[in-house]
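Colleague: Here's my sequence, what's the structure:
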Amino acid sequence: MKINSENRFMFPGEASEAKFLLGGIGTGNVSLGSRGELRDWEIFNHANKGLNLPNTFFTIWAKSQGAAPVTKILESQLAPPHWLGPGYPPITAAGLPRLKSSRLIGEYPIARVEFEDNDLPVEVELEAYTPFIPLQADDSGLPCFQLTYKVTNTSEQPVSVSIAGSLFNPIGGLTYDQIGYFSKEPHGQSINQFKVQDGLAGLYLASEKYDKDHLQYGNLSFTTTNRDVTYKRAWLRGDWFDYLQNFWDDFSEDGRLTDLGYEEPSAEGNNDTGSLAVHEQLLPGESRSFQFMVAWYFPNRMNGWNDFFNNIQKAGNAHNRYAARFNSSWEVSAYAHMNWKRLSEATFLFRDALFESTLPDYVIDALAANITVIRSSTCFWLSDGRFLAYEGSFDTQGSCAGNCTHVWNYAQTLAFLFPELERNMRQTEFLEEVAADGKMNFRAFHLFDAEFMWQGKESPPAVDGQLGSIMRVYREWKLSGDNEFLWELWPNVQKALDFALTHWDTDGDYLLDAKQHNTYDIEFYGPNPLSGVMFLGALKAVIEIAAYLKDDKYASKCLQIFEKSGSELQKALWNGEYYIQRLEDVNQYKYQHGTGCLSDQLLGQQLAHLYGLGYLLPKEYVRKAILAVYQNNFKEDFSNHVNCQRTYVMNDEQGLVLCSWPYGEQPKLPFIYSQEVWTGIEYQVATHLIYEGFIEEGLRMVKAVRDRHDGFRRNPWNEVECGHHYARSLASWGVLIALSGFSFDMVQKRLKFEPVLNSDNFSCFWSAGSSWGIYRQSMNAANGMYEPKVEVLGGSLSGVTIEACGQVWVE
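Modeller: Next up is the predicted model:
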């Protein structure tokens with residue numbers, strides 16, 4: 001694989017799959033490619049993989065004193081293959097000169113692109129990011145990104161430099177014909193204004209075609225804080241390729257732009273491209289920054305999930321969270337500009353806290369790269385505060401709607417970085433989706449004006465999703481210390497647990513044996529470890545909650561069930577090496593696993609470790625079983641692996657299959673997905689291995705995942721399953737919790753750190769409740785004692801008791 005041995009986070013321009021996401025929570029995003037190009041414009045309230053805006057790029061003009069000027073597109077050269085039958089259309093500007101090479105360094109949420117070129121008398125480096133601050137969701141949810149080109153004069157003469165950004169006005173949508181030219185159908189009446197306001201100068205891209213309630217209504221702002229600017233509000237409205245020729249000739253002549261004076265909107269069937277240029281003079285050795293910000297405002301989205309696309313009028317409109325704060329993209333830009341120092345400093349603090357850790361680089365990579373799920377089109381955030389999510393994103397729409405409980409079960413990142421949003425998901429589950437009998441819809445049906453029905457029919461309850469949601473209520477409560485949140489959800493938490501007893505246990509032995517829908521999109525029958533251990537985890541969480549709320553009778557009842565269920569599960573499902581599904585005839589039902597070694601057999605135990613609930617089953621058996629998962633299911637090479645299902649790993653790659661049958665007895669039709677590899681399951685198993693002391697094995701699995709995402713084979717910032725930016729990959733944050741030995745109880749105001757590697761010199765990021773920062777510990781060579789330190793970078797730990805290195809203190 002083409003992994004850069006010097007820097008895992010660096011990708012050459014030829015790494016065409018490296019696409020770094022820019023954009024905020026619930027805003028959509030734009031990706032920055034390894035050549036320095038902007039691609040995948042997904043800002044229109046749905047996914048849009050592959051959507052590139054016409055005529056949208058940056059151009060540099062540089063003239064050294066006494067020399068001819070050099071003009072080039074600020075991207076590295078296009079890499080092969082060049083296979084387009086009609087050739088590259090002029091809207092790609094593929095025929096214009098570009099820089100020799102580039103490399104992208106991605107340390108989420110900040111990206112840098114370093115360019116190289118022999119013709120320019122300057123060096124150029126691009127820095128790009130959207131503010132990202134843990135625990136501050138609104139400031140991490142801005143629909144904008146800033147691009148800063150740092151230009152350094154490497155010659156011995158003064159150099160005049162201009163950088164022009166060109167941006168197509170996309171309002172109304174974009175469609176392309178069969179030879180790559182954009183269609184006229186949705187276009188027309190675009191209007192680009194030049195404004196100087198709020199300390200900014202730039203272009204405001206709007207349209208007179210749509211009123212404020214239309215789904216296509218919106219605007220963009222393209223601004224700068226630099227002082228010497230010129231602009232071209234609209235490129236030449238001519239024939240054939242006149243527009244590009246006119247722009248190039250105008251800018252390359254003297255590095256400045258001439259506005260063409262159009263005052264009327266574009267004609268029907270056409271949208272305009274606007275350009276904004278910044279100009280600076282550089283002395284030998286001097287560096288200057290050319291700053292640009294792109295902000296967008298598309299406030300109206302369909303009031304529903306994808307299934308409403310056939311009946312948009314019935315669904316009506318909903319509004320994005322950012323629309324409750326701002327009235328236009330210009331207001332977004334003005335807010336960002338006024339607060340940029342604070343926003344930028346906090347963003348860099350987070351980046352540094354995460355990336356300067358002593359954890360292995362591939363672990364940091366797994367943590368940072370998957371944060372993008374939260375800020376991808378997989379998730380959206382409405383003006384009334386509802387935070388909603390698909391399982392992932394297909395190329396042009398969300399995949400598998402409804403805050404799917406059995407997928408989000410695995411996710412940890414959101415809960416630790418933006419706990420208010422995760423708590424909102426629990427409120428949706430328990431206040432909106434639990435029926436009178438305790439059944440929880442595993443997809444959110446009831447949130448929108450029109451009722452959502454999964455594939456046109458009511459779905460069964462998902463055993464792992466429902467029980468996992470109970471455990472996650474416990475997690476959210478312990479992370480926040482919010483008793484009001486707990487009291488609000490408690491009645492339906494009890495109903496949901498009681499439903500498990502009445503619906504999934506047919507004979508009263510506290511082993512779940514009925515038909516059990518689960519995350520593999522099928523039903524397991526009979527006692528099985530996935531359901532059984534999740535049931536134990538839910539019971540343990542409820543026991544702790546009930547005891548705290550002084551509901552001693554319910555706590556005692558659940559404790560008796562927990563002890564009986566655990567004992568029966570151990571006897572019924574333990575095969576001497578791992579836990580199996582107990583069925584007399586595994587082929588009686590399709591899609592079972594029987595005596596197979598299921599990678600998820602101890603998912604509930606892994607979650608219990610993360611949430612501070614302790615062991616659900618005897619420790620020695622748990623350790624043996626999770627090691628068996630690794631030994632049986634982790635493959636070092638997939639060249640000869642037989643997979644008749646979906647394929648995510650192949651050839652010489654390494655990965656963890658969902659199930660194996662080490663002693664034969666594979667069902668005739670094993671459960672669907674059993675031959676596949678899912679990164680979310682790899683991360684949860686790796687996390688559990690670390691908790692059980694198998695650190696090397698856990699780390700090896702994490703490294704295997706990230707080695708597959710090398711920028712050539714796959715996008716490092718996009719782990720897929722059933723769609724891009726798949727939510728299950730957010731299980732990666734559990735690896736941080738396990739390696740740092742971090743435990744949290746903000747109800748009792750206690751935090752604990754107990755790292756399991758690099759203990760003599762350890763540092764890592766942490767977050768809990770209303771604070772975040774860096775934990776460090778080192779060995780004092782003089783006295784042989786560990787010296788721990790908790791550094792708070794955001795929020796406060798006042799009054800919180802810290803335990804680390806055998807010491808206890810109160811902040």
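Colleague: can you pull out the helices in the stretch 251-400 of the chain?
Modeller: Under the criterion DSSP state H, counting those that start in this stretch, the stretch 251-400 of the chain contains helices at 312-315, 329-355, 361-369.
Colleague: now, of those helices, which is deepest in the fold?
Modeller: Highest mean neighbour count among these (mean count of other CB atoms under 10 Å): helix 361-369, with a mean of 23. Using the backbone N, CA and C atoms, a C-beta is placed for each residue, glycine as well.
Colleague: quick one on the thing from earlier: looking at the helices of the stretch 251-400 of the chain, which has the lowest confidence?
Modeller: Here the lowest mean pLDDT among the helices of the stretch 251-400 of the chain goes to helix 312-315, at a mean of 63.
Colleague: Reformat the helices of the stretch 251-400 of the chain as JSON lines; add distance to residue 788.
Modeller: Output for the helices of the stretch 251-400 of the chain, formatted as JSON lines (distance: least, CB to CB, whole Å):
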{"stretch": "helix 312-315", "distance to residue 788": "53"}
{"stretch": "helix 329-355", "distance to residue 788": "16"}
{"stretch": "helix 361-369", "distance to residue 788": "21"}
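Colleague: Quick check: which of those is nearest to residue 60?
Modeller: helix 329-355 (22.9 Å; CB to CB).
Colleague: Okay, buried residues for stretch 647-662 please.
Modeller: For stretch 647-662, burial by neighbour count (16 or more other CB atoms under 10 Å) applies to 648, 649, 653, 654, 655, 656, 657, 658, 659, 660, 661.
Colleague: Identify those among those residues that sit within helices.
Modeller: If you go by DSSP state H, the buried residues of stretch 647-662 have nothing in helices.
Colleague: Widest-spaced pair of those residues?
Modeller: Every pair of the buried residues of stretch 647-662 checked by CB to CB; the farthest is 653 and 661, at 21.7 Å.
Colleague: on that earlier part again, looking at the helices of the stretch 251-400 of the chain, which is nearest to residue 419?
Modeller: So among the helices of the stretch 251-400 of the chain, helix 329-355 is nearest, using CB to CB, at 15.5 Å.
Colleague: Quick one: mean pLDDT for stretch 151-165?
Modeller: On average, stretch 151-165 scores 98.
Colleague: and that stretch, how far from the chain's centre?
Modeller: Distance of stretch 151-165 from the chain centroid (CA atoms, centre = their mean, to the nearest Å) equals 37 Å.
Colleague: Pull the CA coordinates from that stretch and hand them back as PDB.
Modeller: Once non-C-alpha atoms are left out, stretch 151-165 reads as follows in PDB (Å, rounded to 0.1, in the frame of the first residue of the first chain):
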ATOM      1  CA  VAL A 151       2.600  32.900  -0.300                       C
ATOM      2  CA  THR A 152       6.300  33.300   0.300                       C
ATOM      3  CA  ASN A 153       8.700  35.100  -2.100                       C
ATOM      4  CA  THR A 154      11.600  32.800  -2.700                       C
ATOM      5  CA  SER A 155      13.300  35.000  -5.300                       C
ATOM      6  CA  GLU A 156      15.800  37.800  -4.900                       C
ATOM      7  CA  GLN A 157      13.400  40.400  -6.400                       C
ATOM      8  CA  PRO A 158      10.100  42.000  -5.300                       C
ATOM      9  CA  VAL A 159       7.100  40.000  -6.500                       C
ATOM     10  CA  SER A 160       3.600  41.100  -7.200                       C
ATOM     11  CA  VAL A 161       1.100  38.300  -6.500                       C
ATOM     12  CA  SER A 162      -2.600  38.000  -7.100                       C
ATOM     13  CA  ILE A 163      -4.900  35.100  -6.200                       C
ATOM     14  CA  ALA A 164      -8.300  34.900  -7.700                       C
ATOM     15  CA  GLY A 165     -11.100  32.600  -6.600                       C
END
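Colleague: can you count the residues close to residue 53?
Modeller: 19 (other CB atoms under 10 Å).
Colleague: Report the contact partners of it.
Modeller: 38, 41, 167, 168, 170, 174 (CB atoms under 8 Å, 6 or more residues apart in numbering).
Colleague: From the residues you listed, which land in strands?
Modeller: Among the contacts of residue 53, DSSP state E puts 38, 41, 167, 168 in strands.
Colleague: Most neighbours out of those residues, which is it?
Modeller: In terms of neighbours by other CB under 10 Å, these top out with residue 167 at 25 neighbours.
Colleague: That one contacts residue 56, doesn't it?
Modeller: Yes - counting by CB atoms under 8 Å, residue 167 touches residue 56, with 5.4 Å between them.
Colleague: Now for residue 431, how many residues are close by?
Modeller: By other CB under 10 Å, neighbour count at residue 431 equals 13.
Colleague: likewise the one 5 residues further on?
Modeller: When neighbours are counted by other CB under 10 Å, residue 436 registers 7.
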